[in-house]
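**Student:** Here's my sequence, what's the structure:
(chains A and B)
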Amino acid sequence: MDSYDAPELTPRQDASSRLKDFFIGATPLQKRLESVRKQTSFIPTPPRRKIPQGSQLQEDVDPQKFAVLLHKQWTLYSLTPLYKFSYTDFKEYSKLLTAFIAAEKKKGLAVEVGDDFNIKVIFSTLMGVKGTERDPEAFLVQILSKSQLPSEHKEGKVLWTGWFCCVFGDSLLETVSEDFTCLPLFLANGAETNTAIIGTWFQKTFDCYFRPLAISSFNLSWMAAMWTACKMDHYMATTEFLWSVPCSPHSLDISYAIHPEDAKALWDNVHKTPGEVTQEEVDLFMDCLYSHFHRHFKIHLSATRLVRVSTSVASAHTDGKIKILCPKYLIGVLAYLTELAVFQIE
Amino acid sequence: MDETLAEFFRRTILKIPMTEMMTILKTWNFLSENQLQTVNFRQRKESIVQDLVLLLINIEYHATLRLNDAAHLDIIYTQFHRHQKIWDVFQMSKRPGDNIDLFDMEEFKSSFKKILQRALKNVTVSFRDAEENSVWIRIAWGTQYKKPNQYKPAYVVYYSQTPYAFTSSSQLKSNLPLLGQALTVASKHHQIVKMDLRSRYLDSLKAIVFKQYNQSFETHNSTTSLQERSFGLDINMDSRIIHENKVEKERVQRVTQEIFGDYPQPRLEFAQYKLETKFKSDLNRGILAEREEPLRCLVKFSSPHLLEALKSLAPAGIADAPLSPLLTCIPNKGRNYFKIRDK
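**Tutor:** A predicted model of the protein is given here:
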């Protein structure tokens, strides 16, 4: 049936148990050895994934809180588990990180034009941004500029935002002891220099390691299919793909936008298994887009590199950039990204 | 000198890169050699600009420095940096049976200016003649109540022996109909139409529209055989080495050559296709077979040199040869915006 030599998979109700069964009884190394031995694909990607539904956990949470997460471009990193991290020490962390940033900037290592040394760092919990009860709470870190005028008590401008989360991270949670907090997905928005400073502090304080998280063309096409599969009341954005063509000496970019209703109609014709997306369906969906394009332009898009996909749910770039547009599917998007982050860590 | 005029001079001169400063000032020909020599060009740029502006303010032999002189400098700067603007192409036509009057440049300029001034009280119009009977027109737009904004001018390049004019996309789109009308009437045409052609490279647009791009170059390369050129082979190479798919590779090279020609392609940065066609696929039978409505797509190709990039696709194996006529017709049809529907 499937080209992947994965353990028996039967349709599941619960997404977290699906992941658990998939990884049962095998360390990552064992899995890889097995797939090499059986000469199957090196990537242990599940051949099917659940279509994101609006998560139950979100209903008790104020949707306003998510506003800070939406409509912003985030740069993605994977993060190894944090050692001896405590949610009750946020005030302490704020103080330490503020001092660290001020010290780094004074050293002149990372100074930008117009840098204001009057900054404040705030840690806060993001309630409800997780998949199961087992997932640790997500938290947010923000760098704010302190208002210059003492008479103004309001908060200054947000200079940089970063957040840490774990959505359906069971496979990772199982492998670590209690001293560790697993938040494998890190998203940052703001100046690179600030991201670097914050990263350094976290690495020193919690003995963890950040790595930029790129998204392969393979995963981008999965995302395109899954987000097209999501039920939407109304479409905010067109469905768009961007390919980069490896020709020389001049580069060529091809952008292919399709009306979201037409993309959905195409997907509905391709989709057979209720509630899930399979590899075959993703391949067929992309193939239809390729053949429609080829009919007009005689160009084989499959020979080029998919670098960006954009839908009303979210948009993602191969350099590890994501923008989430639809609050209803926030958890669904994060679940996929967490999966990619966990894979990179293991 | 008026303060706003001095400021306009300062900002215009400041735009000019130091490497071009002398060339542009000499082309402008407003300041004499002697006057230019009084300025120390070894200073920092800000100081040079300051000295030049002071020089202009103190000028003796011109009664007053006119806005027109500053506008001239701006035109010259833009001519040197034409690729910083995006150019649209307009085509004018005469009524059949209209008299073919002899074109008079001065009459055109005065008529053009009058039409704009009559419509908008405040407008600055400046002209500079250029090669091939063309004229560069700079227009700073104002309104009935506001003085012209010198920092957002529109440019028109009109080739008087042809029905074509090229305009830089201006922020103030509302003035476009007026501009079109002025051009048409002043040049004694009847109608004006915007072509679906747009690019930064004015010279390439010219080449496409005047069909000047297919000049073959007589170089020694044209005497070497097609085979050699396509494979970079030494003709004395060991005959025991065989290329796979040699016949197919040769065919692709030949077909690509026939379509694109032997000459450098005109330079465009993008082509855009609005598609409204039904989904039809031999491989994916049955998918969307019952659907009457077409798929609404927008495809955009972008490249620093689009036509050269497209030319390299078939030889690289990324596209079939011949490449689709939708792409290869771009220079011939003189368009890079298309709307495609099922017949």
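**Student:** how about B:Val125, what does it touch?
**Tutor:** By CB atoms under 8 Å, 6 or more residues apart in numbering or on different chains, the contact list for B:Val125 reads B:Phe112, B:Lys113, B:Leu116, B:Gln117, B:Ile137, B:Arg138, B:Ile139. (Glycine included, C-beta is placed from N, CA and C.)
**Student:** tell me the contacts of the first one?
**Tutor:** Right, B:Phe112. B:Phe112 neighbours (CB under 8 Å, 6+ apart): B:Val125, B:Ile137, B:Ala182, B:Leu183, B:Ala186.
**Student:** Can you say which of the contacts of B:Val125 are buried?
**Tutor:** B:Phe112, B:Lys113, B:Leu116, B:Ile137, B:Arg138, B:Ile139 (16 or more other CB atoms under 10 Å in any protein chain shown).
**Student:** Quick check: pLDDT value at the first one.
**Tutor:** We have a pLDDT of 95 for B:Phe112.
**Student:** Going by neighbour count, list what's buried in whichever strand or helix holds it.
**Tutor:** According to DSSP states H and E, B:Phe112 maps onto helix B:105-119. Neighbour counts using 16+ other CB under 10 Å place B:Phe108, B:Lys109, B:Phe112, B:Lys113, B:Ile115, B:Leu116 of helix B:105-119 among the buried residues.
**Student:** Check stretch B:319-332 too.
**Tutor:** Buried residues in stretch B:319-332 (16+ other CB under 10 Å): B:Ala319, B:Asp320, B:Ala321, B:Leu323, B:Ser324, B:Leu326, B:Leu327, B:Thr328, B:Ile330, B:Pro331.
**Student:** Against A:Leu301, how distant is the first one?
**Tutor:** Read that as B:Ala319. For B:Ala319, the distance to A:Leu301 (CB to CB, to the nearest Å) stands at 10 Å.
**Student:** overlap in contacts of those two?
**Tutor:** In contact with both B:Ala319 and A:Leu301: no residue, using CB under 8 Å, 6+ apart.
**Student:** returning to that earlier point: of the buried residues of stretch B:319-332, which pair is most distant in space?
**Tutor:** B:Asp320 and B:Pro331 (20.1 Å; CB to CB).
**Student:** coming back round to it: tabulate the contacts of B:Phe112 (a markdown table), appending pLDDT and distance to A:Ala191.
**Tutor:** Below are the contacts of B:Phe112 laid out as a markdown table (pLDDT from 0 to 100; distance: CB to CB, whole Å):
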| residue | pLDDT | distance to A:Ala191 |
| --- | --- | --- |
| B:Val125 | 93 | 45 |
| B:Ile137 | 95 | 44 |
| B:Ala182 | 94 | 48 |
| B:Leu183 | 94 | 48 |
| B:Ala186 | 93 | 52 |
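**Student:** Dump these into JSON lines; add distance to B:Phe166 and secondary structure as well.
**Tutor:** Below are the contacts of B:Phe112 laid out as JSON lines (distance: CB to CB, whole Å; DSSP: H, G, I helix; E, B strand; the rest coil):
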{"residue": "B:Val125", "distance to B:Phe166": "17", "secondary structure": "strand"}
{"residue": "B:Ile137", "distance to B:Phe166": "11", "secondary structure": "strand"}
{"residue": "B:Ala182", "distance to B:Phe166": "15", "secondary structure": "helix"}
{"residue": "B:Leu183", "distance to B:Phe166": "11", "secondary structure": "helix"}
{"residue": "B:Ala186", "distance to B:Phe166": "16", "secondary structure": "helix"}
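**Student:** Who's the closest spatial neighbour of B:Ile340, skipping the chain neighbours?
**Tutor:** Distances taken as CB to CB, 6 or more residues apart in numbering or on different chains put B:Leu275 closest to B:Ile340, at 5.0 Å, once the chain neighbours are dropped.
**Student:** Can you name the residues in contact with the helix or strand the one you found falls within?
**Tutor:** In this assignment (DSSP H and E), B:Leu275 forms part of strand B:270-277. Residues outside strand B:270-277 that contact it (CB under 8 Å, 6+ apart): A:292, A:296, B:199, B:294-303, B:306, B:326-327, B:330, B:336-342.
**Student:** One more: stretch B:55-74?
**Tutor:** By CB under 8 Å, 6+ apart, stretch B:55-74 touches B:1, B:5-6, B:8-9, B:12-13, B:24, B:28, B:30-31, B:35, B:38-39, B:124, B:126, B:128, B:138, B:140, B:150, B:153.
**Student:** Return the distance of A:Asp262 relative to A:Phe100.
**Tutor:** 51 Å.
**Student:** ditto for B:Phe270
**Tutor:** 46 Å.
**Student:** same deal with A:Thr278?
**Tutor:** 47 Å.
**Student:** Name the residues of the strand holding B:Leu275 that are buried.
**Tutor:** Quick answer for strand B:270-277 (16+ other CB under 10 Å): B:Phe270, B:Ala271, B:Gln272, B:Tyr273, B:Leu275, B:Thr277.
**Student:** ok so, going back, put together a markdown table for the buried residues of stretch B:319-332, with distance to A:Thr239 and pLDDT on each row.
**Tutor:** Output for these, formatted as a markdown table (distance: CB to CB, whole Å; pLDDT from 0 to 100):
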| residue | distance to A:Thr239 | pLDDT |
| --- | --- | --- |
| B:Ala319 | 24 | 91 |
| B:Asp320 | 26 | 90 |
| B:Ala321 | 31 | 85 |
| B:Leu323 | 26 | 90 |
| B:Ser324 | 23 | 92 |
| B:Leu326 | 22 | 93 |
| B:Leu327 | 23 | 93 |
| B:Thr328 | 28 | 91 |
| B:Ile330 | 26 | 92 |
| B:Pro331 | 31 | 90 |
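**Student:** which one of these is nearest A:Tyr235?
**Tutor:** When the buried residues of stretch B:319-332 are compared against A:Tyr235 (criterion: CB to CB), the nearest one is B:Leu326, at 27.4 Å.
**Student:** Spell out the residue ranges of the strands in chain B.
**Tutor:** Listed in chain order, the strands of chain B (DSSP state E) span B:87-93, B:123-130, B:134-141, B:154-159, B:164-168, B:191-199, B:270-277, B:295-302, B:337-341.
**Student:** Nearest to A:Val342, out of those?
**Tutor:** Comparing the strands of chain B by CB to CB, strand B:295-302 comes nearest, at 35.5 Å.
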